[in-house]
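Trainee: quick one, fold the following:
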Amino acid sequence: MLADEMIGKLELVREVAPGASPQRFPDGAHFRIEIPSVEGPRVLEAVLHASERHGVTVNRVSQGSGAMLLSRRELREMAELGAEHGIEVSLFVGPREEYGVGSYSRSEDGPSCAGQLRALRQLRYGIEDVARSVEEGIRSFLVADLGLLDLLRRLQEERKLPQDLVWKSSVAMAPSNPASLRVLERLGASTINIPSDVTLGQLAEFRSASDLPLDLYVESPDAMSGVVRGQESAELIWVGAPLYVKFGLRNARSVYPSGEHLEQQAAAMASEKVHRAAVAMEWLARLDPSLVQSGPGAKGLGVPALADRSADGND
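Mentor: Below is the predicted model of the structure:
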């Protein structure tokens, strides 16, 4: 890097960077790209068009409004698009406290509970939300409740759910330390969101605690601290591999819960996230072109498995 030459001449000393992670994805890649807040089929189409325009491989999309707000036809359409392009489609499980009749999660001190499911009644709905989506081909789910994660893992162990499902722990319950990360791993998480504001040293600590893929926002919405650090992607991947590099969007409105009334805005924001990813990949190619990204349909991705179409659902 050009700057290093001048820093050396001035005899300035940089902080000691952590060592490279020896871990990789099953296909040997260092990183994958995730676009979050892809709220339905039309928004997913916008991501696909933008990825083609910018020459970016998107490995995973995730959705935040909840699978429960998508019709079976919409679930199938997202599954078909994901399967066609080798992209993991990860849907948030609902219902969650932020949507419920209780007010605590929407109080000043309550956001930490927003992603949880209150009482057994809502827990039942959450499990059924997964079962309903699985029937339409979805194979990846965002989970923000510890009890739900444990129960889903148990259902999988009992062969009541497919063995190829991916349980993506949500940033809504991101661990603040490596010990907490290990708890999520023991409960069955397949891939774990960590806080978007981690330093390289803290990222190295998380990586030392587990071989699981880590999910990291290199740009995050304002509500999640609003970091913009796409230019750091190479260093973050070097330390955190295997790493899902996530591109949120600062200075953008929240679209949860989404729907047709917000579809154009959600699609425009998703397209810009792909553009942000393209710029970050230019930085990566400039600073460390040796880092390898997974291709479409890579091993370990929760790519949808197309379901039987004989029983058509209602819109």
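
Trainee: helices of the stretch 201-315 of the chain, residue ranges please.
Mentor: 233-240, 263-287 (DSSP state H, counting those that start in this stretch).

Trainee: check which helices and strands the first one is in contact with.
Mentor: It refers to helix 233-240. If contacts are counted by 3 or more CB pairs under 8 Å, 6 or more residues apart in numbering; DSSP states H and E, helix 233-240 sits against helix 200-209, strand 214-219, strand 243-247, helix 263-287. C-beta: built from backbone N, CA, C; applies to glycine.

Trainee: check contacts around the residue nearest to residue 37 when sequence neighbours are not counted.
Mentor: Spatial nearest neighbour of residue 37, chain neighbours left out: residue 64 (5.3 Å); criterion: CB to CB, 6 or more residues apart in numbering. Neighbouring residues of residue 64 by CB atoms under 8 Å, 6 or more residues apart in numbering: 36-37, 39, 92, 142, 255-256, 258.

Trainee: let's see if you can find the most crowded of those.
Mentor: residue 39 (32 neighbours; other CB atoms under 10 Å).

Trainee: would you confirm that that residue contacts residue 65?
Mentor: Yes: taking contacts as CB atoms under 8 Å, residue 39 lies within contact range of residue 65: 5.3 Å.

Trainee: closest one to residue 151 among the helices and strands packed on helix 233-240?
Mentor: Among these, strand 214-219 comes nearest to residue 151, with 21.8 Å by CB to CB.

Trainee: tell me the mean pLDDT for the closest one?
Mentor: For strand 214-219, mean pLDDT rounds to 98.

Trainee: now it and helix 233-240, what's the angle there?
Mentor: Angle, strand 214-219 to helix 233-240, by axes from the mean of the first three to the mean of the last three CA atoms, to 10 degrees: 160 degrees.

Trainee: which outside residues touch strand 214-219?
Mentor: Contacts for strand 214-219 (CB under 8 Å, 6+ apart): 34, 36, 168, 171, 191-194, 196, 198, 203, 206-207, 224, 227-230, 232-233, 236, 240, 242-250, 273, 276, 280.

Trainee: go again using 7 Å as the cut-off
Mentor: 34, 168, 191-194, 196, 206-207, 224, 227-230, 232-233, 236, 240, 243-250, 276, 280 (CB atoms under 7 Å, 6 or more residues apart in numbering).

Trainee: and those, which of them are buried?
Mentor: 34, 168, 191-194, 196, 206-207, 224, 227, 229-230, 232-233, 236, 240, 243-249, 276, 280 (16 or more other CB atoms under 10 Å).

Trainee: list phi and psi for residue 10.
Mentor: Per-residue torsions, residue 10: phi -80, psi 0 (degrees, to the nearest 10).

Trainee: show me the shaky parts of the stretch 1-150 of the chain.
Mentor: Within the stretch 1-150 of the chain, not a single segment meets pLDDT under 70.

Trainee: that one: strands as residue ranges?
Mentor: Assigned by DSSP state E, counting those that start in this stretch, the strands in the stretch 1-150 of the chain fall at 31-35, 60-63, 88-92, 140-143.

Trainee: backbone dihedrals for residue 250, please?
Mentor: According to degrees, to the nearest 10, residue 250 has phi -80, psi 160.

Trainee: isn't it up against residue 225?
Mentor: No: the pair residue 250 and residue 225 does not pass the contact test of CB atoms under 7 Å, sitting 9.3 Å apart.

Trainee: tally of neighbours for residue 103?
Mentor: With other CB under 10 Å as criterion, residue 103 counts 9.

Trainee: nearest residue to it in space, please, no chain neighbours.
Mentor: residue 110 (7.9 Å).

Trainee: the one you found contacts residue 104, doesn't it?
Mentor: Yes: if you go by CB under 7 Å, residue 110 and residue 104 touch, sitting 4.4 Å apart.

Trainee: what segments of the stretch 51-200 of the chain are helices?
Mentor: Using DSSP H, counting those that start in this stretch, helices in the stretch 51-200 of the chain cover 72-85, 119-135, 146-157, 178-187, 200-209.

Trainee: pull the residues that contact the fourth one.
Mentor: Outside helix 178-187, the residues that touch it by CB under 7 Å, 6+ apart are 146, 149-150, 153, 169, 175, 192, 205-206, 208-210, 212.

Trainee: could those residues go into TSV alongside distance to residue 296?
Mentor: Formatted as TSV, the contacts of helix 178-187 follow (distance: CB to CB, whole Å):
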residue	distance to residue 296
146	32
149	28
150	32
153	28
169	24
175	30
192	23
205	32
206	27
208	30
209	30
210	26
212	22
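
Trainee: are any of those residues buried, and which?
Mentor: Counted by 16+ other CB under 10 Å, those give 149, 153, 169, 175, 192, 205-206, 209-210, 212 as buried.

Trainee: export those to JSON lines and tack on distance to residue 185?
Mentor: Conversion of the buried ones among the contacts of helix 178-187 to JSON lines gives the following (distance: CB to CB, whole Å):
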{"residue": "149", "distance to residue 185": "10"}
{"residue": "153", "distance to residue 185": "11"}
{"residue": "169", "distance to residue 185": "9"}
{"residue": "175", "distance to residue 185": "10"}
{"residue": "192", "distance to residue 185": "7"}
{"residue": "205", "distance to residue 185": "15"}
{"residue": "206", "distance to residue 185": "11"}
{"residue": "209", "distance to residue 185": "8"}
{"residue": "210", "distance to residue 185": "5"}
{"residue": "212", "distance to residue 185": "6"}
